[in-house]
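J.: Build the 3D model from these lines:
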Amino acid sequence: MKLYEAISDALGRFGYEQIKTEKFINFLADYRAFEVKPAKTILREFLKAGYGEQVFQLNVDDAPDKLLKLKSFGLDLIQAHGFNEIHVNYVLDSICYGLAWVELPPEDLKEEQLKASTLVRTIPIVGEQIVMIAVKGGTFDMGGTPEQGIFAAYDEKPSIEVSLDDFYLCEVPVTQKIWKTVMGDNPSQHQGDNLPVERVSWEECQTFIENLNSMTGFKFRLPTEAEWEYAARGGSKATHTKFSGTDDATLNDYVWYKSNSDNQSHEVRSKLPNNLGLYDMSGNISEWCNDWYFNSYANTSSRHNPQGPSSGMNKVYRGGSWNDKPMGCRVSKRYNMNPNYKNKLVGLRLAASIQ
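T.: Here you go, the predicted structure:
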């Protein structure tokens, strides 16, 4: 049963007062109503903050006014907890439908919108926007799968089945403009506001993310290696191509690499995105991942949201760059480097967990 149907039925059976209490969540759980993974957490935070109580204390008679007030509560949730805006609206619209404040389920309740939702985070001091794509979790074969052919190296083998929860990934690598806004400097060899930042160490990326999180109130991080490869392959929309979004025949439309880059990086969004809407997952600039490097997937200890080894010498980076041949831009190709080192071919892309 959809959430909005379950809320309507539960309130009809047990009374409107139940929306103020934790029992309401238990009722909905019995209905198996939480088909959007974060819905239960969002509703719990909604009640914990007293919003259910406040809805019934509003001194307004018109449903539209109550709806506006409820939406303002939703914005508080988004800002305080980093919840996906469309997921929050789904929960609040479901409440409104259950309370008979709206006659029909609004368009926001469409499942395809929930699956394709994005999150925009703005850096307050300059109004720069960071667009995060919601990647629906799933199971995939990670490593040297058949379409990678003879180019798959020893550390891409054996391929293993990995499962991941939903997560966010930024649609583009971090640009020099964003880096300068947060860090006050620009270490890149090739300069330009909309070029990806490079010559940043893994350790410097951690400082950047800490500063960015302080500015935005969000919880950005680097992607795990498994998250990175899953998203590069197209996630649940994977088409099993050698590169992110493409094979050899249309490589130039999607990838900046050695033969077409003129020996430099290029502005983000200047090639086509993959089928998740992610740009430059193959080529242009390589991207740090959070994991310590290990040399065989046979050593993987966990296959659900794997985090890599607990320690090591080098950190993983992925994706290939403007200086790589096509074989170096494949979705399963792995690189590694000391976390203190910098390289003109390596930058970063932001990730975040979906609550």
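
J.: starting at the chain centroid, how far to stretch 339-355?
T.: Relative to the chain's own centre, stretch 339-355 is displaced by 14 Å; criterion: CA atoms, centre = their mean, to the nearest Å.

J.: looking only at pLDDT, what's the mean for it?
T.: Stretch 339-355 carries an average pLDDT of 94.

J.: Same question for that stretch: list its buried residues.
T.: Of the residues in stretch 339-355, 339, 342-352, 354 count as buried by neighbour count, 16 or more other CB atoms under 10 Å. Where C-beta positions appear, they are placed from N, C-alpha and C, glycine not excepted.

J.: how about TSV for those residues, with distance to residue 238 added?
T.: Formatted as TSV, the buried residues of stretch 339-355 follow (distance: CB to CB, whole Å):
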residue	distance to residue 238
339	30
342	32
343	29
344	31
345	26
346	25
347	24
348	23
349	18
350	22
351	18
352	21
354	19
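
J.: Could you list which of those belong to helices?
T.: Judged by DSSP state H, those include no members of helices.

J.: Quickly name whichever of those is closest to residue 49.
T.: residue 354 (19.7 Å; CB to CB).

J.: And that closest one, how far from residue 134?
T.: Distance from residue 354 to residue 134, counting by CB to CB, to the nearest Å: 6 Å.

J.: of all the buried residues of stretch 339-355, which comes closest to residue 273?
T.: Checking these against residue 273 with CB to CB, the nearest one is residue 349 at 12.9 Å.

J.: hmm, back to that, now the two most distant members of the buried residues of stretch 339-355.
T.: Taking CB to CB, no two of these sit farther apart than 344 and 354, at 33.0 Å.

J.: about what we covered before: out of the buried residues of stretch 339-355, which sit inside strands?
T.: 346, 347, 351, 352 (DSSP state E).

J.: looking at it, the second one is touching residue 197, isn't it?
T.: To tie it back to what came earlier, the one meant is residue 347. Yes: Residue 347 is in contact with residue 197 according to CB atoms under 8 Å; the separation is 5.0 Å.

J.: Mutual contacts of these two, please.
T.: With contacts taken as CB atoms under 8 Å, 6 or more residues apart in numbering, residue 347 and residue 197 have 173, 174 as neighbours in common.

J.: do you know how far the residue nearest to residue 338 when sequence neighbours are not counted is from residue 101?
T.: In this structure, residue 338 finds its nearest non-sequential neighbour in residue 314, 5.6 Å apart by CB to CB, 6 or more residues apart in numbering. From residue 314 across to residue 101, the span is 56 Å (CB to CB).

J.: any weak-confidence spans in the stretch 251-355 of the chain?
T.: Low-confidence segments of the stretch 251-355 of the chain (pLDDT under 70): 301, 355.

J.: Please enumerate the helices of it.
T.: Under the criterion DSSP state H, counting those that start in this stretch, the stretch 251-355 of the chain contains helices at 251-254.

J.: Then the stretch 101-250 of the chain?
T.: 111-115, 176-183, 202-216, 225-233.

J.: most packed of those helices?
T.: Ranked by mean neighbour count, the helices of the stretch 101-250 of the chain are led by helix 225-233 with a mean of 26 (mean count of other CB atoms under 10 Å).

J.: Does anything pack onto that one? Which helices or strands?
T.: If you count contacts as 3 or more CB pairs under 8 Å, 6 or more residues apart in numbering; DSSP states H and E, helix 225-233 packs onto strand 128-135, strand 138-142, strand 160-164, strand 167-170, strand 286-292, strand 315-318.

J.: Tell me which of the ones you listed sits nearest to residue 298.
T.: So among those, strand 160-164 is nearest, using CB to CB, at 8.1 Å.

J.: Next, the buried residues of that closest one.
T.: Quick answer for strand 160-164 (16+ other CB under 10 Å): 162, 164.

J.: Is my assumption valid that residue 7 occupies a position in a strand?
T.: No: counting by DSSP: H, G, I helix; E, B strand; the rest coil, residue 7 is not part of a strand but helix.

J.: re the thing from before, how about the helices and strands packed on helix 225-233 in JSON lines, adding distance to residue 91?
T.: Listed next are the helices and strands packed on helix 225-233 as JSON lines, based on distance: least, CB to CB, whole Å:
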{"stretch": "strand 128-135", "distance to residue 91": "15"}
{"stretch": "strand 138-142", "distance to residue 91": "23"}
{"stretch": "strand 160-164", "distance to residue 91": "23"}
{"stretch": "strand 167-170", "distance to residue 91": "18"}
{"stretch": "strand 286-292", "distance to residue 91": "30"}
{"stretch": "strand 315-318", "distance to residue 91": "35"}
